[in-house]
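>>> here's my sequence, what's the structure:
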Amino acid sequence: GSPGRPRHRARGDLRRRQTLGTRLAMMHDTSIWLNATAESMAEICRTTLAMDLRRNVDTPKLPANLTGCYVALVGKEESLQIGLASDAQGCQILAQTLFGADNELSDTDVNDALGELANILAGGVKTRMAATFGGISLSLPIVMEGHLRVTDRQQVGQLDVALNDVPIRLLVVCSRDEAP
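So this is what the prediction gives:
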């Protein structure tokens, strides 16, 4: 081969490594993902729930122990979790609104509603981030109750919003950026 060819390949490899480094740094920036999550939740409110999403408002303080539903977004280099959580009353209201129910729903129905909302939420985030992070797959939703604990190698970004008067916490859980 020509002497110029390996140099060209080396420059291409460097560009790919720099692009990968930039993408990994963005993957660890919870604010980017939280913003996409909030935009996706606002769209769900407009199109599916007929509710208003309000940011930066005085909402009733959510307790530490919440019921939440999380969906993993899995990419080529990294993965993260997108979720929404509320107290028992908030979860019940979301489920009743999604299913058009007038009566109180069972825990199973509430969990199904949370799973559906988390799937729609994660799908909206995936769409918003596709240009930067193509090839993202979604996991099955997981409903959890209690206080979210993370390891030293993880970080959580959260944003408390109100859907009408229902306090909701939007969450992003990802690895900490270990890069220097």
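
>>> rest of the way, CA atoms for contacts and neighbours
Fine.

>>> confidence score at Glu116?
We have a pLDDT of 98 for Glu116.

>>> the closest residue in space to it that isn't next to it in sequence: what's it in contact with?
The spatial neighbour of Glu116 that comes closest, neighbours along the chain excluded (Cα to Cα, 6 or more residues apart in numbering), is Pro141 at 8.0 Å. Taking Cα atoms under 8 Å, 6 or more residues apart in numbering, we find Pro141 in contact with 69-72, 115-116, 118-119.

>>> phi, psi of Pro141?
Backbone torsions for Pro141, taken as degrees, to the nearest 10, come to phi -70, psi 150.

>>> find the helix or strand that the spatially most central residue of the chain is a member of.
Centroid-nearest residue in the chain: Ile82, 2.3 Å away (criterion: Cα atoms, centre = their mean). Using DSSP states H and E, Ile82 maps to strand 79-86.

>>> packing partners of that strand?
Here strand 79-86 touches strand 66-74, helix 107-129, strand 166-175, going by 3 or more Cα pairs under 8 Å, 6 or more residues apart in numbering; DSSP states H and E.

>>> go again using 10 Å as the cut-off
With contacts defined as 3 or more Cα pairs under 10 Å, 6 or more residues apart in numbering; DSSP states H and E, strand 79-86 has these neighbours: helix 30-44, strand 66-74, helix 88-99, helix 107-129, strand 137-138, strand 142-146, strand 154-163, strand 166-175.

>>> what strands line up against that strand, and which way round?
strand 66-74 (antiparallel), strand 166-175 (antiparallel) (DSSP bridges).

>>> which of the ones you listed comes out lowest on mean pLDDT?
What stands lowest among the strands paired with strand 79-86, in mean pLDDT terms, is strand 166-175, with a mean of 91.

>>> relative to Ile136, which of the strands paired with strand 79-86 is closest?
Set against Ile136 and scored by Cα to Cα, the strands paired with strand 79-86 come closest in strand 66-74, at 5.4 Å.
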